[in-house]
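Student: quick one, what's the 3D model for this:
(chains A and B)
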Amino acid sequence: MLEEAGISTVCVLSRPDLAEITKPPRTLIARFPYGAPLGEANNVEQQVAVIQEALTLLEVATIPGQLVESEQRWKR
Amino acid sequence: MISERLQKSQDSVRRDFDPNFHWLVNETVPWTAPSKPLAQSTIALLTSCGIYRVDTQLPFDAWNHLGDPSFREIHIDTPRDRLRIAHTHFSHDNLDADLEAAIPISHFQQLEQEGMIGKLYPWVYSFMGYIPEPKQFVEQTAPVIVQRLKQDAVDAALLTPC
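Tutor: As a prediction, this is how the structure comes out:
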């Protein structure tokens, strides 16, 4: 609906199977627990890295439905 | 074809909350290529983590087995101690300690200051991620949000589910 209105979107999901059924235009897979979509609490470096990955995907993706795996790992 | 894990969660929701629940499987991928560089774009934050402002907004109805299809508009200057999480289907520990992990307002303000993005849209849109009966959300809630974003010339959005 957003895309149809001319608004490009990127979402951050924790599992690819959710993307397989919802088919977002651009998805960053950050394999974090539920309740922590962008990373560990107060881990600024990690959260900013995830955001940068998502924004890069927003800017460069050319294939609708593209999934990219984040390089960030949950350590706690 | 849904994954085994999603099949199990579908069965569990049917058993415990909504016997009619089924995952919506989208057939097509919506797509708009960005119309301008990020450094000139107004970007909005949307989340399905069920975040709301406790002093001015009613909480989402987390106990409704059919889900709560409403949304909340949260200004980016809202003091963080006024925000709460209504969604009950995940641990709140991480977000209670740091809401930036779901609504990265400070991070995006920093990106704006650095010129990496044009502007952070001043309103965050929050809704619930548990909506097994999504008709009202799709037909009423989502169009209102989209209309507001479009009206204010938002170029792009980041979505963070919980």
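Student: tell me the helices and strands packed up against the lengthiest helix in chain A.
Tutor: In terms of residue count, the longest helix belonging to chain A (DSSP state H) is helix A:44-60. Applying 3 or more CB pairs under 8 Å, 6 or more residues apart in numbering or on different chains; DSSP states H and E, one finds that helix A:44-60 contacts strand A:8-13, strand A:26-29, strand A:66-69, helix B:105-113, strand B:156-160. Just so you know, the C-beta spots here come from the backbone N, C-alpha and C atoms, and that holds for glycine as well.
Student: and the lowest mean pLDDT element among the helices and strands of the chain?
Tutor: Using chain A. One helix or strand of chain A scores below all others by mean pLDDT, DSSP states H and E: helix A:16-22, with a mean of 87.
Student: please refer instead to chain B.
Tutor: Least confident helix or strand of chain B, by mean pLDDT, DSSP H and E, is helix B:135-136 with a mean of 84.
Student: which residues does that helix contact?
Tutor: Here helix B:135-136 makes contact (CB atoms under 8 Å, 6 or more residues apart in numbering or on different chains) with B:Pro69.
Student: rewinding a little: just the C-alpha atoms of the least confident helix or strand of chain A, please, in CSV.
Tutor: C-alpha atoms of helix A:16-22 as CSV (Å, rounded to 0.1, in the frame of the first residue of the first chain):
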residue,chain,number,x,y,z
PRO,A,16,12.9,-15.3,6.1
ASP,A,17,9.8,-17.5,6.2
LEU,A,18,7.8,-14.4,7.2
ALA,A,19,9.1,-12.6,4.2
GLU,A,20,8.2,-15.5,2.0
ILE,A,21,4.5,-15.1,2.7
THR,A,22,4.3,-11.3,3.2
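Student: where does chain A have low pLDDT?
Tutor: For chain A, no stretch is flagged by pLDDT under 70.
Student: neighbours of residue 3, just the number please.
Tutor: You didn't say which chain, so I picked chain A. A:Glu3 has 19 neighbouring residues, counting by other CB atoms under 10 Å in any protein chain shown.
Student: um, chain B though
Tutor: For B:Ser3, the neighbour count with other CB under 10 Å is 15.
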